[in-house]
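A.B. asks: Below are the sequence and a predicted model for it; my questions follow.
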Amino acid sequence: QVQLVESGGGLAQAGGSLRLSCAASGRAFSSYSMGWFRQAPGQEREFVARIGWNSGTYYADSVKGRFTISRDTAKNTVYLQMNSLKPEDTAVYYCAFRYGYWAENDINYWGKGTLVTVSS
């Protein structure tokens with residue numbers, strides 16, 4: 001079992017920045033991928049960004065150039081730096097963990113989510 005604890009959500013103004021963190025703990029793991037999804041009110045959950053076991057990154061078009069995902073392997077923590085925030089970025093952001101390579105439709109563990117609200 002792997003536990004994911006997210007932090008860093010909150011309120012930001014449009015054009016501002018926030019940084020989300022997700023710390024993984026529990027069962028020992030070596031190679032793994034982590035990522036972020038988000039779900040806005042009344043909408044389905046959508047992919048935001050991921051970082052693979054080899055540190056390769058990939059972003060949704062809607063956040064490309066504004067968000068940056070990174071990881072600290074010593075801390076088993078992944079970060080999502082969100083810049084130039086827009087009101088449409090308002091959502092609950094979920095951390096995701098998968099052993100080995102990333103597979104968007106086969107996530108092993110989910111965090112409980114952290115709310116990001118961007119005011120105009």
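C.D. replies: Yes, it's here.

A.B. asks: Ramachandran angles for Pro87?
C.D. replies: As for Pro87, its main-chain torsions (degrees, to the nearest 10) stand at phi -60, psi -30.

A.B. asks: wait, what's in contact with it?
C.D. replies: 14, 118-120 (CB atoms under 8 Å, 6 or more residues apart in numbering). In this view, the C-beta of every residue, glycine as well, is placed from N, C-alpha and C.

A.B. asks: Isn't Gly100 up against Phe29?
C.D. replies: No: Gly100 is not in contact with Phe29 according to CB atoms under 8 Å; the separation is 9.5 Å.

A.B. asks: what bits of this structure have low per-residue confidence?
C.D. replies: Under the criterion pLDDT under 70, the flagged ranges of the chain are 28.

A.B. asks: What sits closest to the spatially most central residue of it if chain neighbours are left out?
C.D. replies: Centroid check for the chain by CA atoms, centre = their mean gives Trp36 as the closest residue, at 2.5 Å. Excluding its sequence neighbours, the residue lying closest to Trp36 (CB to CB, 6 or more residues apart in numbering) is Val48, at 4.3 Å.

A.B. asks: Could I get the buried residue list for the helix or strand hosting Ala49?
C.D. replies: According to DSSP states H and E, Ala49 maps onto strand 46-51. For strand 46-51, burial by neighbour count (16 or more other CB atoms under 10 Å) applies to 47-51.

A.B. asks: which one of those residues sits closest to Gly65?
C.D. replies: Ala49 (11.7 Å; CB to CB).

A.B. asks: What's the separation between the closest one and Met82?
C.D. replies: Counting by CB to CB, to the nearest Å, the separation of Ala49 from Met82 is 10 Å.

A.B. asks: got it, and Lys75?
C.D. replies: Separation of Lys75 from Met82 (CB to CB): 20 Å.

A.B. asks: Ser33 now?
C.D. replies: Using CB to CB, Ser33 is found at 20 Å from Met82.
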